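> Predicted model, plus sequence, below.
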Amino acid sequence: MKKLITPIAITAADSNSRTITGRIVTFEETGTASIGKVQFAKGSIEAVPVLLNLEHDRTRRIGKTLSIEANEQGIDATFKIANTTAGTDALVEASEGLRDGFSVEVYFDEYETLKDGTVRIIKGEMTGVALTSEPAIRSARVEQVAATEGDPEVSDSTVEPEVTPTTEGDEVDNTVTNAETVETVEAAQSITANAKPAVGGWTTKPRLEFTAAKYLENTIRASLGEESARQYVAAADDTTDNAGLVPTRQLTEVINGLANTTRSAIDAISRGALPDAGMSFEIPKITTMPTVAETAEAGSPSETDQASSFLSVTVKKYAGQQKFSVELLDRTSPLFFNELLSNMAAAYAKATDLAVYTALAAGASADATTLTTYPTASELLGFVSRGAASVYSNTQGFAKNILANTSQWANLMTLNESGRPIYMASQPSNAGGVVRPDSIRGNVAGLDLFVTANVPTDNNTDKDDSILIINPSAYTWYESPTYRLRADVIASGEISVSVYGYGAIATKIGAGAFGINKT
């Protein structure tokens, strides 16, 4: 869930009753925030009572909601201002246009980015409102400020709002829901009781002290909503004159070329649910079939007793763990923890996929014909035909899939028969196929192709396991859900995170796979 702090203008303040009234949210109107343009969809937040603080400082409460109401245009609210020095000062500042903006604080979990870059809030929760001096949406104005008798006289003027229109039908190019990263968005908005606010930055740069320390201080203050600090940062925009003051941003994008969650070996066979208990289980398997034969008149029928046994399958645990300091979790970006869990899931996928490929290769029959390291089209078609016959003969089931490593995949993409590619032959058999080097799924000579980088070390002398022809029904991968376990080690101040799960590969018929035999 993200956090949005976006000042929107006051429309009225009543000094006679120590109240300030204004529109705290204007729907469908675009304002400028630190992340760019922001817009609230109609009905995106509810009108709920909240406290009023000064410039988003929750330790400086100056009032609370007296009334709040939503309408078609936005949300209007009246705040009762506390009879304190800070409250009185706030009434005076609002009436004189010195601090006359409302800034809503919203946590939101649904938003969309319009084509022009505007972040449009779809669903959020308002958690507070601040009285601020920096506006972004100009349609909300102070109308009335009133203090109790004896307080300074204040103006009661009304300024016609200047509306920033939005365009209906803006194209949406990216929608995000249920975001987990907490982000503060501070929008600068201006409202004035006596005159329209100035728009834009300074026309000339003032004389300021440009040092690294001052730049850092003002960057922090600007992120908290101080306009003077924002103006300072804007003034330090010349990278030549202010060398060393231009920050280096770190993106939330993470580059990872070491892992993914693809499990092609598992996808190439059948799947099953792991039993809920035990570290092994048994599957009944027919070992002797009853017979039927031609029988003479009055002759005795063929009689062979059916026999069966149990195939025992061992359950394995696949687990990974990482320890890190509590400081790393508490004081760094949430991106670290999310990326850690993502990478541990990728490592789990690799380990389980490798286990299945190893079992397939171990039980595969070897081709009696020796082929070159990377078969030609005719050699590959011969291998497929022999493999299909072997699998059908031994399992009474058809070979449907072909599993290859990345080197054989590269070779497959070059093969053609009489000018027609045999890889990804998505067209009819008499037309040219379609070669797709961006896909690890395809079709080769009528078999569904699966490509994996999770290949076991070759321990065979008669086959290299780089290509396997498979009857998927001859093998089944049984798997439990994947679990996460977190443990805090108090003594050392460390956190241990584990990702683990249970799986079992059942080789139901060993000859259900056929391996290439190459030189």
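Yep, that arrived.
> Show me what counts as buried in whichever strand or helix holds Val313.
For Val313, the host element (DSSP states H and E) is strand 307-314. When burial is assessed from 16 or more other Cβ atoms under 10 Å, strand 307-314 yields the following buried residues: Val313. Bear in mind the C-beta positions are built from the backbone N, C-alpha and C, glycine included.
> Just the CA coordinates for the helix or strand following it, please, in PDB.
Next helix or strand after strand 307-314 toward the C-terminus (DSSP H and E): strand 316-325. What follows is strand 316-325, C-alpha atoms only, in PDB (Å, rounded to 0.1, in the frame of the first residue of the first chain):
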ATOM      1  CA  LYS A 316      12.500 -35.300  -0.700                       C
ATOM      2  CA  LYS A 317      12.700 -31.900   0.900                       C
ATOM      3  CA  TYR A 318      14.100 -29.000  -1.100                       C
ATOM      4  CA  ALA A 319      15.100 -26.100   1.200                       C
ATOM      5  CA  GLY A 320      17.200 -22.900   1.200                       C
ATOM      6  CA  GLN A 321      18.000 -20.400   3.900                       C
ATOM      7  CA  GLN A 322      19.500 -17.000   4.300                       C
ATOM      8  CA  LYS A 323      20.500 -15.100   7.400                       C
ATOM      9  CA  PHE A 324      20.800 -11.300   7.600                       C
ATOM     10  CA  SER A 325      20.900  -8.600  10.300                       C
END
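> can you pull the buried residues of strand 316-325?
Tyr318.
> show me what contacts Ser473?
Ser270, Thr395, Gly397, Lys508, Gly512 (Cβ atoms under 8 Å, 6 or more residues apart in numbering).
> Surely it is in a strand?
No. Counting by DSSP: H, G, I helix; E, B strand; the rest coil, Ser473 is not part of a strand but helix.
> How is this protein divided into domains?
2-186, 201-249, 252-294+302-519 (automatic domain parsing).
> Which secondary structure element of the chain has the lowest mean pLDDT?
In the chain, the helix or strand scored least confidently by mean pLDDT, DSSP states H and E is strand 184-186, which has a mean of 37.
> Now for Asp276, how many residues are close by?
6 (other Cβ atoms under 10 Å).
> one step back: so which of the contacts of Ser473 belong to helices?
Counting by DSSP state H, the members of the contacts of Ser473 that fall within helices are Thr395.
> With pLDDT as extra columns, can I get the contacts of Ser473 in TSV?
As requested, these are exported to TSV (pLDDT from 0 to 100):
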residue	pLDDT
Ser270	93
Thr395	90
Gly397	91
Lys508	90
Gly512	91
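> For the strand holding Val313, enumerate the helices and strands it packs against.
Secondary-structure packing of strand 307-314 (3 or more Cβ pairs under 8 Å, 6 or more residues apart in numbering; DSSP states H and E): strand 280-288, strand 494-507.
> tell me the most buried of these?
With neighbours taken as mean count of other Cβ atoms under 10 Å, the helices and strands packed on strand 307-314 reach their highest mean count in strand 494-507, at a mean of 18.
> And the residue lying closest to Tyr475 once chain neighbours are set aside, how close does it get to Ile509?
Using Cβ to Cβ, 6 or more residues apart in numbering and skipping the chain neighbours, the partner closest in space to Tyr475 is Ile269 (4.1 Å). Distance, Ile269 to Ile509, by Cβ to Cβ, to the nearest Å: 12 Å.
> cool, and Pro301?
29 Å.
> hmm, back to that, walk me through which strands the strand holding Val313 pairs with, and which way each runs.
Each strand paired with strand 307-314, and its direction, by DSSP bridges: strand 280-288 (antiparallel).
> Output the partner strand as PDB - backbone C-alpha positions only.
Extracted C-alpha coordinates of strand 280-288, given in PDB (Å, rounded to 0.1, in the frame of the first residue of the first chain):
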ATOM      1  CA  SER A 280       7.400 -42.100   1.300                       C
ATOM      2  CA  PHE A 281       4.300 -43.500  -0.400                       C
ATOM      3  CA  GLU A 282       3.400 -46.400  -2.600                       C
ATOM      4  CA  ILE A 283       1.700 -46.700  -6.000                       C
ATOM      5  CA  PRO A 284       0.100 -50.000  -7.100                       C
ATOM      6  CA  LYS A 285       1.700 -51.300 -10.300                       C
ATOM      7  CA  ILE A 286       0.600 -54.100 -12.500                       C
ATOM      8  CA  THR A 287       3.400 -56.600 -13.000                       C
ATOM      9  CA  THR A 288       1.600 -59.400 -14.800                       C
END
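> re earlier: what is the mean pLDDT for the strand holding Val313?
Throughout strand 307-314, pLDDT has a mean value of 92.
> what ranges do the helices span in this structure?
85-95, 212-223, 227-235, 264-267, 326-330, 334-363, 377-395, 406-412.
> Could you dump these into TSV with distance to Ala453 and mean neighbour count added?
Shown next, in TSV, are these (distance: least, Cβ to Cβ, whole Å; neighbours: other Cβ atoms under 10 Å):
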stretch	distance to Ala453	mean neighbour count
helix 85-95	64	21
helix 212-223	43	15
helix 227-235	47	17
helix 264-267	9	23
helix 326-330	30	12
helix 334-363	9	18
helix 377-395	20	18
helix 406-412	6	18
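> sorry, back to before: ok, Pro301 and Ile509, which is more surrounded?
Ile509 (18 against 8).
> ok, now how distant is that one from Thr304?
Taken as Cβ to Cβ, the span from Ile509 to Thr304 is 20 Å.
> How about Trp477, nearest residue that isn't a chain neighbour?
Ile266 (5.1 Å).
> mind checking pLDDT for that neighbour?
So Ile266 comes in at 92 (pLDDT).
> what does Asp353 give?
pLDDT, Asp353: 93.
> That one contacts Ile266, doesn't it?
Yes. Under the criterion of Cβ atoms under 8 Å, Asp353 makes contact with Ile266 at 5.6 Å.
> residues in contact with the closest residue to Ala445 other than its chain neighbours?
Once flanking residues are discounted, Ala445 sits nearest to Val384: 4.6 Å by Cβ to Cβ, 6+ apart. Neighbour list for Val384: Ile402, Val444, Ala445, Gly446, Leu447, Ile469 [criterion: Cβ under 8 Å, 6+ apart].
> and if we set it to 10 Å?
Going by Cβ atoms under 10 Å, 6 or more residues apart in numbering, Val384 touches Pro375, Ala399, Ile402, Ile422, Val444, Ala445, Gly446, Leu447, Ile467, Ile469, Phe514.
> Tabulate those residues in CSV, adding columns for neighbour count, distance to Ala453 and pLDDT.
Shown next, in CSV, are the contacts of Val384 (neighbours: other Cβ atoms under 10 Å; distance: Cβ to Cβ, whole Å; pLDDT from 0 to 100):
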residue, neighbour count, distance to Ala453, pLDDT
Pro375, 20, 20, 88
Ala399, 24, 23, 92
Ile402, 28, 16, 91
Ile422, 20, 22, 66
Val444, 24, 18, 81
Ala445, 20, 23, 79
Gly446, 14, 24, 81
Leu447, 19, 20, 86
Ile467, 28, 14, 89
Ile469, 28, 19, 92
Phe514, 27, 21, 92
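> ok, so of those, who is nearest Tyr357?
Ile467 (11.8 Å; Cβ to Cβ).
> The closest one contacts Trp409, doesn't it?
Yes. The pair formed by Ile467 and Trp409 meets the contact definition of Cβ atoms under 10 Å, at 9.4 Å.
> got any ranges where the stretch 51-200 of the chain has weak pLDDT?
134-200 (pLDDT under 70).
> switch to 80 and redo it
In the predicted model, the stretch 51-200 of the chain carries pLDDT under 80 at residues 56, 97, 107-109, 117, 133-200.
> Dig out what the closest residue to Phe324 other than its chain neighbours forms beta bridges with.
With Cβ to Cβ, 6+ apart as the criterion, Phe324 has its nearest non-adjacent residue at 5.9 Å, and that residue is Ile495. Counting by DSSP bridges, Ile495 is bridged to Phe324, Asp488.
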